[in-house]
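Q: Sequence plus the predicted model coming up.
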Amino acid sequence: MPHEVIMPALGMAQDTGKIVGWLKQPGDAVKAGEALFEVETDKATMEVEAPADGFLTDVQAGDGEDVPVGNVIALISDTAEDSGSRVAPAPAAGDAASEDALPEGIGVIMPALGMAQDEGVIVAWHKAPGEAVASGDILFEVETDKATMEVEAGQDGFVAALLAEAGEAAPVGEVIAIISGEKPATPVQRSWADKAKAVPAAAPPPTEAEDKPAPPKAPAKPAAKATAPVSPGGRILASPKARRIALEEGLDLGRLVESGHPQPYHVADLEVLRNLPAEAAAPATATASSRRLTAEVPAEAFAAFCAWAAEDSGAPVDRPALLARFAAAALGRPDAGVAVESHGQTRTLPEDTDPVLILRDLAGSPLTSINLGAEDVPVLTLTGACDTLTITLECAPGQLSAPEALDLLAGFAGRMGEPLRHLL
Amino acid sequence: MADTKTNTEDYMRMYRQMVRIRVFEDNANQLYLSAKMPGLTHMYSGEEAVAVGICEALTDDDRITSTHRGHGHCVAKGADYKQMFCELLGKEEGYCRGKGGSMHIADQSHGNLGANAIVGGSMGIATGSALSSKLQGSDDVTVCFFGDGATAQGLLYEVMNMAALWHLPVIYACENNGYSEYTKTEEIAAGSITARAEAFGIEAFTVDGQDVLAVNDLTQKLVARARKGEGPFFVELLTYRYHGHHVGDINRAYYREKEEETIWKESRDPIVNFGKWLSEEGIASAEDLKTMEDEIRAEAKQAVDYALAAKYPDESEVDMHVFAPTDPATLRPGA
Amino acid sequence: MREITLSQAVNEAIAEEMRRDPTTFLIGEDVAEAGTPFKVLAGLADEFGTERVIDTPIAEPGFMGIAVGAALTGSRPIVDLMFGDFIYLIMDQLCNQAAKAYYMSGGKLNVPLVLRTNLGATRRSAAQHSQSLHALVAHIPGLKVAMPSSAYEAKGLMKTAIRDNNPVVIFEDKLMYNDKAPVPEEEYLIPFGEAHVKREGTDITLIATSSMVQVCEAAAEMLAAEGISAEVIDPRTIVPLDEATLIASAKKTSRVIVVDEGHQSYGITGEIAGRINEKAFYHLDAPVLRMGAMDVPVPFSPALEDITVPTPEGVAENARKLMSGEMIHAA
């Protein structure tokens, strides 16, 4: 039964020992207690004794070599022959995987398919492994939520590998085919489910066998991949940075909540928020959240004012312009742009401004009551003509607060009812 | 006659210093009782001969470490009234800019490395100070003041051991006033106090701490020997503190009898007895001494008034002096 | 550049400073004859004599107190505390006396003293010889604390410590004494309060002390292979702390893990994480994580000891979670 000869512990600060010289040769007979070799310590040279009677065999390190403390460096055996029981080196990383290596070539990836799609189902391949393919050829069809989409090969060459089968789903962005420049010797057809067996080039090598116990775990305990429950108080969970950026960009985290996007929100989730479709155009019926206010003023006041203005200036009255001015003034922003729609035409006054308000002048038309719902900006609509002018203000709650809406309508109606007074 | 004259000066100075300590403590006590002084302080009254007898044998280059009962050592080592009272009141002009207070008062210019609020806390410092003398090749001596209660601290034995091994010029002065806070010494110190030092091979002496001349005489001899490298030494001085452990310890009959206090005050007062001796020797008359006392009381009153009116340190000082500055020029290669 | 061990680097630093300033001296157990059990101080007694390399009895409070007294009176002691675990023994002299003398004296008495000691577990030395107690002293105003992470830092920080006019506690990792690093032949000092970015990155900041720097560098390598760019910063001194560099990095990457070998709770990591929380709050896209040694006394058995300290795998795993936005703790 062979005894191990071990590099002994040498001192608190020493991890390795340098063999100064062997005092016995492989095959020599030795007695227990006899000096086998000399090792250098930081104080002096120390002799290491044979642990048992026998023959020195299987010497692993020579003169001048550094050996880690604790390593076996030789055996004392019953016979003078090497038993050949050297410590086998740890298996080289990645050896076993050679037959699974992918052919060389350019990867074809599953393309992005639409905002909500993470993966696409391959309906059919149009080319087989080994076939020649031109860049513009259709390589495969993939199902999107709308229809089936054809995907081109994108490269000239040969199909070296197809990594998913028809009918399988593969994630967007993953390589699902490889096109090589040369005709492949062994073209590959795999199913996506087989992906786990393949050894991609970037995999880290397995750790080598060591004496140490199991690899240490991180002290922080990982939580399950939970998402935050929506808290009852309506609080939205988001990182400080995400909140700050949302604030700066005028993004509404509440829309992410409404769209069912799981909390907590990080900066990356703001991208989703930015790409949410803009709020739908006003539905046919006014939603409960739209504001609609009406006012009535005697029609003659404005008519009389227009007549006076025309006389005064000697030119025909520019009714839209006057209406725009009154509306802007009532909004408290005299220079703001107002889009005035009348007689089928829209003019923005002042020109070349973005309208903050729409004014539909339907006075004189048969229309009496308007309930169109909110649009992109608040809308003032004039209806009626003979005795009474009805002014309807419609807007979304986010566009004007209740006091603002009241001020706007009251201000506009006031100007329409007593134009001269307001001018003065 | 020259000798006598010199001695007269010395004696008068000793007397003066003892009176200065007594007067200082009287005033400090008053400041506490009249609620003008923040915190607590610990009166040295009754022990004057110990501090004065020893410090009169030292120069300004010699160093002392003190205890929580440190005013006596501070005055004896040359401190000035104004700066002391200012320190006790936490004023800017105090020795420590008001940041140390009574228990940490230090006067570096006169070699007082500081009072210490930790019992026995300065024994290491005193011994280290003596090591510095040895390393620097100077013959400066360090005296370590501590009380009988501090002999219970392990640090004492660690440093006496090393002081003895390395022949350091330090004198361990044990002010045995019979009480360790509120407990009699014999209940907290087993065996003999001097034997503790002798166990390390340190020569130990016992002396009447109320006799300033005896204290001074012994100290002079030991200091001279220490300067020659014959240290360390240990001295046990038998003395008595008139007041309680601290100024607030007023009702103390439960641990110390009034009778005992009276005996010490009346028959063993170091100042009174030394005064008598000076009269008997014809060195100073009772009137001379009285005059001196009055002068000192007046000086104290002036200093107290000054300190009461002096300003506190500015708030901006609160985070100053956490770290001492290091000249950046010294932190460059080649410096 | 030549490479020397951390042990040699410390030895060189002390030797150079003792040559430069005759008031410096070494004091501690087994420092002269033996050069300490770790052999770091070998040869110094030969050069400077036993007058200046002083062996003491096993009396830590005693020789620490003596060192304080020497420092107050014109000498500059370097105190060797054989194991960081013994710091409990000297707390009064270190924290009540040395740390406070300058302040309590109103700026008149300073203590230019270096306390040289160590930290670090996984040496099978069990609970009372394996602690990393730098947080205890970092908490005390008046003490400076340095933590070299390699031979290079060890030499530069030791020289600065010796020249500093305040009490400085230097913690070397006892596992690193034989680790080599490039160390210039020419003289250099490393200033206190200057962190060092060991590796630049953009996705996540790893702040690490002492040998945790190597742990985080290894983690960073692993993460780089996965496309995550980690920045590794070594504060080098805990007191004074180079906050500005740490905050700037936190703002740059928006994710931070602080890794230290003190215990997880009430340690360095909590302090640094707290400061980042205060000063980089609006730039954080993930909670600041603390990774310290487990809140257990260091176990003897190798199977248990090795799992009590942060590892590259553990750091990388946490980094991945922060990157993916996965919730480490329930919301």
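A: Sure thing, it's come through. Residues are numbered from 1 along each chain as shown, chains lettered A, B, ... in the order given.
Q: In this structure residue A:35 contacts residue A:45, no?
A: No. The pair residue A:35 / residue A:45 is not scored as a contact, 11.0 Å apart, by C-beta atoms under 8 Å. To be clear about C-beta, it is placed using only N, CA and C from the backbone, and glycine gets the same treatment.
Q: Listing request: residues of chain C with sub-threshold pLDDT.
A: By pLDDT under 70, the weakly predicted segments of chain C are C:331.
Q: Residue A:35 and residue A:45 - which one has more neighbours?
A: When residue A:35 and residue A:45 are compared on other C-beta atoms under 10 Å in any protein chain shown, the one with more neighbours turns out to be residue A:35, at 14 against 11.
Q: which residues does residue C:168 bridge with?
A: Residues in a beta bridge with residue C:168, per DSSP bridges, are residue C:114, residue C:144.
Q: Work out which residue lies at the spatial centre of chain B.
A: With distances taken as C-alpha atoms, centre = their mean, the residue of chain B nearest its centroid is residue B:73 (2.1 Å).
Q: doesn't residue B:112 make contact with that residue?
A: Yes. Counting by C-beta under 8 Å, residue B:73 does reach residue B:112; the two are 6.7 Å apart.
Q: Pull out the buried positions in the helix or strand hosting residue B:161.
A: Element membership of residue B:161, judged by DSSP states H and E, is helix B:154-166. Residues B:155-164, B:166 are the ones in helix B:154-166 that count as buried (16 or more other C-beta atoms under 10 Å in any protein chain shown).
Q: what's the overlap in contacts for residue B:73 and residue B:112?
A: B:64, B:66 (C-beta atoms under 8 Å, 6 or more residues apart in numbering or on different chains).
Q: gap between residue C:301 and residue C:122?
A: In this view, residue C:301 and residue C:122 are 12 Å apart by C-beta to C-beta, to the nearest Å.
Q: Those two: who's more crowded?
A: The neighbour count for residue C:301 versus residue C:122, taken as other C-beta under 10 Å, is higher for residue C:122 (19 against 10).
Q: Contacts only, for that one.
A: Residues near residue C:122 by C-beta under 8 Å, 6+ apart: C:130, C:175, C:305-306, C:309.
Q: Of those, which is the nearest to residue A:368?
A: residue C:309 (81.7 Å; C-beta to C-beta).
Q: right, is stretch B:214-228 up against chain C?
A: No. Stretch B:214-228 lies out of reach of chain C by C-beta under 8 Å from any C-beta of the partner chain, never closer than 15.3 Å.
Q: and the closest residue to residue B:162 other than its chain neighbours, how many neighbours does it have?
A: Excluding the flanking residues, the one nearest residue B:162 by C-beta to C-beta, 6 or more residues apart in numbering or on different chains is residue C:62, at 5.9 Å. Neighbour count for residue C:62, taken as other C-beta under 10 Å: 28.
Q: Would you state the helices of chain C in chain order?
A: Counting by DSSP state H, the segments of chain C that form helices are C:6-20, C:44-52, C:60-72, C:91, C:101-104, C:134-138, C:151-163, C:212-225, C:243-253, C:268-279, C:302-305, C:312-324.
Q: Quick one: name the residues of the stretch 151-300 of chain C near chain A.
A: C:177-178, C:222, C:225, C:254, C:264, C:281-286, C:289, C:291-294.
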